[in-house]
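>>> here are the coordinates; sequence isn't available:
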């Protein structure tokens, strides 16, 4: 099946530093990927749609300058949390659609637990 | 705008008992509906999905769900729960009749007692 891999699975950083999270489609090419955020004991909220070769589309209320998305290739999208602060601590998870499977399923990465201290 | 409601935040069942997790959706057209399971600190695993056709959908791990348009529901069921089923369960609807941008419910945490 289609596999999406996220790295790192867990990261702890100091307040004010930037953190990059990678989302890779391992066995398919993904022109579009999606980034979600999950607060503790809450649901997943879509942050942005990452489009290969073009700018990401952000959901309302998501700071573009805080959450930088780059989708430079058909297999890799990155989310950079710029100048992270404790309130950015969360579980971030990406998903991708495999065009060869039609638009019938989103494949999720394992997620990244970000803790800002 | 589409939305998903999971009325039960937390459910506890005994191992071997039957299970039903409720999901109600709001969507203008025929929805793409999904159930995902998330173990603590893990990503999401797709249990099953509905697009069209037979309204009773079979999934992995013995789960099934029934789409009822008249009730705007897509409840998840399992005849006999195993201790390993303890996890968080999310119902989701795909935007624009797709599986790409998903709107999730708030989740139901399932606890299984032995």
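Alright, I've got the coordinates. Just so you know, these numbers come straight off a predicted model, no measurement behind them.
>>> so where is the chain shaky, pLDDT-wise?
Assuming you mean chain A. Applying pLDDT under 70 to the predicted model, the residue ranges of chain A that meet it are A:1.
>>> Actually, chain B is the one I wanted.
Low-confidence segments of chain B, defined by pLDDT under 70, span residues B:96-98.
>>> That one against chain A: which residues are in contact?
With the criterion set to C-beta under 8 Å from any C-beta of the partner chain, chain B comes near chain A through B:32, B:34, B:36, B:41-46, B:49, B:51, B:90, B:94, B:98-107. All C-beta atoms are positioned from the backbone trio N, CA, C, and that covers glycine.
>>> Turn the buried ones among those residues into a named ChimeraX selection, would you?
In ChimeraX, this line selects whichever of the residues of chain B next to chain A come out buried by 16 or more other C-beta atoms under 10 Å in any protein chain shown:
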select /B:32,34,36,42,43,44,46,49,51,90,94,99,100,101,102,103,104,105,106,107
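>>> Which of the residues of chain B next to chain A fall within strands?
In strands, judged by DSSP state E, the following of the residues of chain B next to chain A are found: B:32, B:34, B:36, B:44-46, B:49, B:90, B:94, B:102-104.
>>> Next, the contact list for the residue minimising distance to the centre of chain B, please.
Here the mean C-alpha position of chain B is nearest to the C-alpha of residue B:35 (C-alpha atoms, centre = their mean), at a distance of 3.5 Å. Applying C-beta atoms under 8 Å, 6 or more residues apart in numbering or on different chains, one finds that residue B:35 lies in contact with B:21, B:23, B:46-49, B:59, B:63, B:65, B:74, B:76, B:89-92.
>>> Relative to residue B:17, how far out is it?
Between residue B:35 and residue B:17 the distance is 19 Å, computed by C-beta to C-beta, to the nearest Å.
>>> before we move on, the earlier item: partner residues bridging the residue nearest to the centre of chain B?
Legend: beta-bridge partners of residue B:35 under DSSP bridges are residue B:48, residue B:91.
>>> same check, this time on residue B:110
Here residue B:110 shows beta-bridge partners residue B:11, residue B:87, assigned using DSSP bridges.
>>> Repeat that for residue B:44.
Assigned bridge partners for residue B:44, using DSSP bridges, are residue B:38.
>>> if I pick it, what's in contact with it?
Residue B:44 makes contact with A:44, A:93, A:95, A:108, B:36-38, B:90 under the criterion C-beta under 8 Å, 6+ apart.
>>> and of these, the nearest to residue B:6?
Of all the contacts of residue B:44, residue B:90 has the smallest distance to residue B:6: 7.6 Å, by C-beta to C-beta.
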